[in-house]
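Asks: Predicted structure and sequence below. I'll ask about it afterward.
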Amino acid sequence: MIILMFFIVSTVALFFMKAILWTLFQWGAKIAIPVALILSSIYIWGFFLAKSKGRLDISKTAIAWIWSIGFIELLFLGGLYHLTPQFFPSVIGNFFFE
């Protein structure tokens with residue numbers, strides 16, 4: 001169950017990042033920043049929603065770790081793309097830019 005939730009959270013985070021990049025390229029930073037804030041709040045709201053549900057067989061600490069790792073994943077990929085684009089994995093680049 002933990003692995004499944006981790007993959008779901010990672011996939012959602014990656015698609016949110018793709019949506020932010022697409023918005024940035026289509027309409028610029030004036031629109032992309034509010035979109036990033038909205039999607040970030042949805043991501044954080046999802047954490048609190050998952051944490052509050054008693055039906056999940058996952059501890060609250062595990063849920064916090066899953067969301068933290070998803071956020072670190074976004075920071076890592078964003079930093080890798082902006083600071084050292086030559087090391088950005090081409091498979092992930094194809095996902096974001098095609």
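Replies: Right, received. Where do you want to start?

Asks: the helices in the chain, which residues?
Replies: Assigned by DSSP state H, the helices in the chain fall at 2-27, 29-52, 60-83, 90-97.

Asks: Any chance of CSV for those, columns mean pLDDT?
Replies: Converted to CSV, the helices of the chain look like this (pLDDT from 0 to 100):
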stretch, mean pLDDT
helix 2-27, 83
helix 29-52, 86
helix 60-83, 80
helix 90-97, 72
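
Asks: With mean neighbour count as added columns, please give those in JSON lines.
Replies: For the C-beta atoms, the positions are set from N, CA and C on the backbone; glycine is no exception. Formatted as JSON lines, the entries for the helices of the chain read as follows, by neighbours: other Cβ atoms under 10 Å:
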{"stretch": "helix 2-27", "mean neighbour count": "15"}
{"stretch": "helix 29-52", "mean neighbour count": "13"}
{"stretch": "helix 60-83", "mean neighbour count": "14"}
{"stretch": "helix 90-97", "mean neighbour count": "11"}
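
Asks: and the gap between I72 and I66?
Replies: According to Cβ to Cβ, to the nearest Å, I72 stands 11 Å off from I66.
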